[in-house]
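Novice: With the sequence up front, the predicted model follows.
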Amino acid sequence: MQNQPTFVLVHGAFANSFSFAPLQAELGLLGHRSVALDLPGHGFDATFASSYQAPQDLDALAAEPGRIKGVTLADNVARVIEVLERAKQNGPTILVGHSRGGATITAVGNARPDLIDRIVYVAAWCPVDLTVGDYYAEPEMADVDPGAFASALVGNPAELGVLRVNFRTAAPEPLAAMKQAFAADLTDDEFRTFLNTFQPDENLDVGTSADRAQGATWGRIPKSYVRLSDDASIPLAMQDRMIREADALTPDNPFDVGTVESSHLSWLVHPKPAAKLLADLAAR
């Protein structure tokens, strides 16, 4: 077992380790071990106020303190490093990030490349030339609906210190917008089930220019990018741009690239193709 790699799975915004349960089942059936972690303020450390339950009290929810307030990218990095240090004692590690989790694993790669035997992005942010926030103003993101969460937002993020979304809304408009942006290829039942694994609060810190990929550290880790072909949240054009920028940064260590036919979320609901791809990476 000592030479068998451990997949360390890092979730995206509003998500948690629960999101990876179907993927972990598939990896396990293929003979691979994995650890899905919860970033600070996520999973059982999340805030689920009574006002978020049914019947909802949105006025109260708009003022409810959130435990994730003040959590920084550095806090996320520290959590991942702690897990990697433990996993590394048992053999190689493959660090996998999805969506916003890409910003976290990039910063981890900058800080502790010695703990990572391969770093894998699944339609995840890999900031190289710009920060994550600045990429949203680029042409590749022009067709992304910036208001997918807008009509479900609760409270003022500047006052709350968190980004809060009512994923338990029954209003047709925000549900349709979120489904189109993140899971157009799921059934309505599958989509609503996934929403019920989300938590309402997310921290505001996605990093600065200092957290972009650094060639001297992050750049020496073997790396893979799994493109999601039908992603409307991080479109294929943006995924390909980040791959190009990373390859230009480290031309002697380019991305190994694979593609899965999926929206931003459905690969987690129907994980067999992605699990097979990840298993192939481990076999190397």
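Specialist: All right, it came through fine.

Novice: How about Val77: what's its closest non-neighbour residue?
Specialist: Ala107 (4.8 Å; Cβ to Cβ, 6 or more residues apart in numbering). Backbone N, C-alpha and C define where each C-beta goes, glycine included.

Novice: Sorry, wrong one. I was asking about Lys276.
Specialist: In space, Lys276 is closest to Leu30, 7.3 Å off (Cβ to Cβ, 6+ apart).

Novice: Identify the residues contacting the one you found.
Specialist: 275-276, 279 (Cβ atoms under 8 Å, 6 or more residues apart in numbering).

Novice: got a markdown table for those residues, with distance to Phe18 and neighbour count too?
Specialist: Shown next, in a markdown table, are the contacts of Leu30 (distance: Cβ to Cβ, whole Å; neighbours: other Cβ atoms under 10 Å):
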| residue | distance to Phe18 | neighbour count |
| --- | --- | --- |
| Ala275 | 17 | 23 |
| Lys276 | 22 | 14 |
| Ala279 | 22 | 16 |
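
Novice: now the helices for this protein?
Specialist: If you assign secondary structure with DSSP state H, the helices in the chain sit at 21-29, 58-61, 73-88, 101-111, 132-135, 157-160, 172-182, 188-195, 236-249, 266-269, 272-283.

Novice: most tightly surrounded among those helices?
Specialist: When you average the neighbours per residue for each of these (mean count of other Cβ atoms under 10 Å), helix 101-111 leads with a mean of 25.

Novice: Surely Ile105 touches Ala124?
Specialist: Yes. Contact status for Ile105 versus Ala124: in contact at 7.3 Å, counting by Cβ atoms under 8 Å.

Novice: Give me the common contacts of those two.
Specialist: With contacts taken as Cβ under 8 Å, 6+ apart, Ile105 and Ala124 have Gly97 as neighbours in common.

Novice: quick one, which of the helices of the chain is nearest to Gly43?
Specialist: helix 73-88 (10.9 Å; Cβ to Cβ).

Novice: Show residues contacting the closest one.
Specialist: By Cβ under 8 Å, 6+ apart, the list of residues contacting helix 73-88 from outside reads 6, 8, 10, 35, 37-40, 93, 95, 103-105, 107-108, 111-112, 115-116, 205-207, 211.

Novice: again, only this time at 6 Å
Specialist: 6, 8, 37, 39-40, 93, 104, 107-108, 112, 115, 205, 207 (Cβ atoms under 6 Å, 6 or more residues apart in numbering).

Novice: Got the confidence number for the spatially most distant residue from the centre of the chain?
Specialist: For the chain, the C-alpha farthest from the mean C-alpha position belongs to Pro55; by Cα atoms, centre = their mean, that distance is 30.1 Å. Among the per-residue scores, Pro55 shows a pLDDT of 95.

Novice: please renumber so the chain begins at 3
Specialist: With 3 as the first residue, the last one maps to Pro57.

Novice: circling back to that earlier point, and the contacts of Leu32 as a markdown table, adding distance to Arg170 and pLDDT?
Specialist: A markdown table is the format used below for these (distance: Cβ to Cβ, whole Å; pLDDT from 0 to 100):
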| residue | distance to Arg170 | pLDDT |
| --- | --- | --- |
| Ala277 | 30 | 98 |
| Lys278 | 34 | 98 |
| Ala281 | 35 | 97 |
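
Novice: I'd like the helices of the chain laid out as TSV, including distance to Ala51.
Specialist: What follows is those, written out as TSV (distance: least, Cβ to Cβ, whole Å):
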stretch	distance to Ala51
helix 23-31	25
helix 60-63	6
helix 75-90	22
helix 103-113	25
helix 134-137	28
helix 159-162	12
helix 174-184	19
helix 190-197	17
helix 238-251	34
helix 268-271	26
helix 274-285	34
